[in-house]
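Visitor: Any chance you could fold what I've pasted below:
(one chain, ligands or ions: 2)
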Amino acid sequence: MFSISPQPVRLYNTLTRQKELFQPLNPPHVGIYNCGPTVYKDIHIGNLRTFTMTDWLRRMLEYNGYDVFLVRNITDVGHLHQDDDAERAGEDKLEHEARTTGRSAYEIANYYTEQYMHDLEELNILPPHLNPKATDHIPEMLTMTGHLVAQGLAYVKDGNVYYDVSNFPSYGALSGNTIEQLRTGAGGRVSLEAAEDKDAPEDFALWKHGAADRQMNWDSPWGSGFPGWHIECSAMATKYLGEQFDIHTGAVDLIFPHHEDEIAQSQGVSGKQPVQYWMHGEFLDFGNSKMSRSVGNVLLLRDLKARGIDPLALRYLLLTAHYRSKLNFTDESIAGAQNALNNFRADIAELAAVAKAQPDAIHGTSLSEAGRKVQEAFHTAINDDLDLPVALSLARELARNHKIEPAERYHLLLDFDRVFGLRLAHVEPKAAKAVSEEALALVRQRDEARAAKRWKESDQLRDQLKALGFEVRDTPKGTELG
Ligand code: AMP
Ligand code: ZN
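Guide: Ligands and ions are numbered 1, 2, ... in the order given. As a prediction, the model looks like this:
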């Protein structure tokens, strides 16, 4: 690991709609909460985009020396279908899956949780420090709901408990929605929970009466039932990160109502602003609309693997778009990413061969002037609201930057990979091949080209050597083959 001069981190905060200097509440500790999957079906590569974004955020902060504690929950109850399909609209996603497949809701949740963990592993998404399950935190949700009722921020109707939005003046601050817009639908895209017994359409459920045929019901002061999806995240985030913590992440579809309601609940109980920085990732689109289980245009990681795509090629593709930009997934884009990753790995395999042959070439913190500049530029990019596309192109250029020694390039790229997570340290140096006359002639020409600083020609000659099966190393003595 090289020493890194400190640089400020700037993050775009959905709450203030601007990039802000990141200042944790309790440095060097940083608490992050990321809304996790609803485990009723396999997660798709769109969901994975959001988890990868949070992984990059965590890795970037760790690169900056912060001590990150990341919580990503498992939603295994209370998330209702909100689509147009009348057969399931308003039904708990887990209960619907159980009813229509004949399996138990717990069995379904366990199965898809395992699949999700496996996908994270394959994409090299670091495991969060905690994966709390909603069903393990019903007492905490009941306590919060009880507080909200006691404070007059929630009311009870026949076994249902609703949040009284009219009593929380800053409701709408995160999403920019006003009550007026919500009622008239002027905000467009938002759908409010349908329920006959609410006092106002924008009120939302904290606790719902559970029909006797549900598998997942719990006793409560208001009768048997189950929690609302939003209170789950408030309860788990408060329990593990405190009433106030640093960063909350999710995709943009969670801004309203899920995160708006989380603020209303958590702040309603504690009186304090719960989250300092709200970060939202844009969608992965497929066929130019949001990849979504309810639309049915989903691809799973295992679908990509079945087509011969390496999961890390998806990670590479996601690195090429800023997290606040939409990314449209196409056959061409993933094939291009796989190709680019292969080329990057080939460059790294060559550098690895040199670096491993010269274990003393790099002494811990020593960097050349040129190497230090690249590292600083990389650091500036990742700290600028996670500008990973810029960081990646710097890394690609570095791999072929002849002004920096190969061993130094290799060690710098591994340093950068602490953030990228492309498993570059696992790229193996290629085995040596018998040298032919043709290859030796190319080496001679290449040394001449390099001596004359004709870099383009030297790169072309390197490609020719590669095509013959040789790895090319640049040493102070000239071109060497591996
Ligand atoms: P869910 O399992 O539906 O609760 O979603 C888990 C996470 O994936 C949430 O943060 C969603 O907002 C996010 N998500 C869902 N669809 C997409 C998509 N197409 N692109 C990026 N993130 C998504
Ligand atoms: Zn959540």
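Visitor: CA only for contacts and neighbour counts going forward, please
Guide: OK.
Visitor: so what's the closest residue to ligand 2 within the stretch 251-400 of the chain closest to, chain neighbours aside?
Guide: Closest to ligand 2 within the stretch 251-400 of the chain is His258: 6.5 Å, counting by C-alpha to the ion. Spatial nearest neighbour of His258, excluding adjacent residues (C-alpha to C-alpha, 6 or more residues apart in numbering): His230 at 5.5 Å.
Visitor: do Ala355 as well
Guide: Ala407 (4.3 Å).
Visitor: Now tell me what touches the strand or helix carrying that neighbour from outside.
Guide: Using DSSP states H and E, Ala407 maps to helix 406-420. Outside of helix 406-420, the residues that reach it under the criterion C-alpha atoms under 8 Å, 6 or more residues apart in numbering are 1-2, 56, 59-60, 63, 319, 348, 351-352, 354-355, 358, 361-362, 367, 371, 375, 378, 395, 398-399, 401, 423-425, 473-475.
Visitor: swap the cut-off to 7 Å and go again
Guide: Outside helix 406-420, the residues that touch it by C-alpha atoms under 7 Å, 6 or more residues apart in numbering are 1, 56, 59-60, 63, 348, 351-352, 354-355, 361-362, 395, 398-399, 424-425, 474.
Visitor: repeat for stretch 224-233
Guide: Residues contacting stretch 224-233 (C-alpha under 7 Å, 6+ apart): 78-79, 134, 141, 205-210, 217-219, 258, 261-262, 265.
Visitor: Now do the helix or strand where Glu397 lies: which elements does it pack against?
Guide: Taking DSSP H and E as the criterion, Glu397 maps to helix 388-399. In terms of contacts (3 or more C-alpha pairs under 7 Å, 6 or more residues apart in numbering; DSSP states H and E), helix 388-399 is packed against helix 331-357, helix 369-383, helix 406-420.
Visitor: So which of these has the densest surroundings on average?
Guide: Mean neighbour count, computed with mean count of other C-alpha atoms under 10 Å, is highest for helix 406-420 among these, reaching a mean of 22.
Visitor: and the angle from that one to helix 369-383?
Guide: Angle, helix 406-420 to helix 369-383, by axes from the mean of the first three to the mean of the last three C-alpha atoms, to 10 degrees: 10 degrees.
Visitor: Give me the next element, helix or strand, following helix 406-420.
Guide: With secondary structure assigned by DSSP H and E, helix 406-420 is succeeded by helix 437-451.
Visitor: Please name every helix or strand in contact with that next one.
Guide: When contacts are defined as 3+ C-alpha pairs under 7 Å, 6+ apart, helix 437-451 sits against helix 455-467, strand 478-481.
Visitor: hmm, who's touching the first one?
Guide: Applying C-alpha under 7 Å, 6+ apart, the set of residues contacting helix 455-467 from outside is Ala439, Leu442, Arg446, Ala449, Arg450, Val472.
Visitor: For the residues you listed, give me JSON lines that also has neighbour count, pLDDT and distance to Ile125.
Guide: Compiled in JSON lines, the contacts of helix 455-467 are given as follows (neighbours: other C-alpha atoms under 10 Å; pLDDT from 0 to 100; distance: C-alpha to C-alpha, whole Å):
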{"residue": "Ala439", "neighbour count": "19", "pLDDT": "78", "distance to Ile125": "41"}
{"residue": "Leu442", "neighbour count": "18", "pLDDT": "87", "distance to Ile125": "42"}
{"residue": "Arg446", "neighbour count": "23", "pLDDT": "92", "distance to Ile125": "41"}
{"residue": "Ala449", "neighbour count": "17", "pLDDT": "91", "distance to Ile125": "42"}
{"residue": "Arg450", "neighbour count": "19", "pLDDT": "90", "distance to Ile125": "40"}
{"residue": "Val472", "neighbour count": "22", "pLDDT": "82", "distance to Ile125": "32"}
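Visitor: Among the residues you listed, which one lies nearest to Leu148?
Guide: Val472 (67.2 Å; C-alpha to C-alpha).
Visitor: Identify the residues contacting the closest one.
Guide: With C-alpha under 7 Å, 6+ apart, Val472 has these contacts: Glu350, Arg462, Thr479, Glu480, Leu481, Gly482.
Visitor: Dump these into TSV; add pLDDT and distance to ligand 1 as well.
Guide: Converted to TSV, those look like this (pLDDT from 0 to 100; distance: C-alpha to the nearest ligand atom, whole Å):
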residue	pLDDT	distance to ligand 1
Glu350	93	35
Arg462	89	40
Thr479	79	45
Glu480	77	45
Leu481	74	44
Gly482	66	42
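Visitor: Please compute how far the stretch of helix or strand Ala98 belongs to lies from its chain's middle.
Guide: Here Ala98, judged by DSSP H and E, is contained in helix 93-101. Relative to the chain's own centre, helix 93-101 is displaced by 28 Å; criterion: C-alpha atoms, centre = their mean, to the nearest Å.
Visitor: Output it as CSV - backbone C-alpha positions only.
Guide: Written as CSV, here are the backbone C-alpha positions of helix 93-101 (Å, rounded to 0.1, in the frame of the first residue of the first chain):
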residue,chain,number,x,y,z
LYS,A,93,-44.4,-9.8,-2.0
LEU,A,94,-43.2,-12.7,0.2
GLU,A,95,-46.8,-13.8,1.0
HIS,A,96,-47.7,-13.6,-2.7
GLU,A,97,-44.8,-15.8,-3.7
ALA,A,98,-45.7,-18.3,-0.9
ARG,A,99,-49.3,-18.4,-1.9
THR,A,100,-48.6,-18.9,-5.6
THR,A,101,-45.8,-21.5,-5.2
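Visitor: What mean pLDDT does that helix get?
Guide: Mean pLDDT, computed over helix 93-101, is 86.
Visitor: which of the helices and strands packed on helix 437-451 is buried the deepest?
Guide: It is strand 478-481: most buried of the helices and strands packed on helix 437-451 by mean count of other C-alpha under 10 Å, with a mean of 18.
Visitor: Please name the strands paired to that strand in the sheet, noting orientation.
Guide: Taking DSSP bridges as the criterion, strand 478-481 forms sheet pairs with strand 472-475 (antiparallel).
Visitor: Buried ones in the partner strand, by neighbour count?
Guide: Within strand 472-475, the residues that qualify as buried are Val472, Arg473, Asp474, counting by 16 or more other C-alpha atoms under 10 Å.
Visitor: just stretch 12-31 next, same as before
Guide: Per 16+ other C-alpha under 10 Å, stretch 12-31 contains these buried residues: Tyr12, Asn13, Thr14, Leu15, Phe22, Gln23, Pro24, His29, Val30, Gly31.
Visitor: What ranges does the stretch 201-350 of the chain have for its strands?
Guide: Shown for the stretch 201-350 of the chain, the strands assigned by DSSP state E, counting those that start in this stretch span residues 204-209, 225-227, 245-251, 275-281, 284-286, 289-290, 327-329.
Visitor: For the ones you listed, please prepare TSV with the additional fields mean pLDDT and mean neighbour count.
Guide: Supplementary listing: the strands of the stretch 201-350 of the chain in TSV, determined by pLDDT from 0 to 100; neighbours: other C-alpha atoms under 10 Å:
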stretch	mean pLDDT	mean neighbour count
strand 204-209	95	24
strand 225-227	95	25
strand 245-251	98	23
strand 275-281	98	22
strand 284-286	97	21
strand 289-290	95	16
strand 327-329	97	20
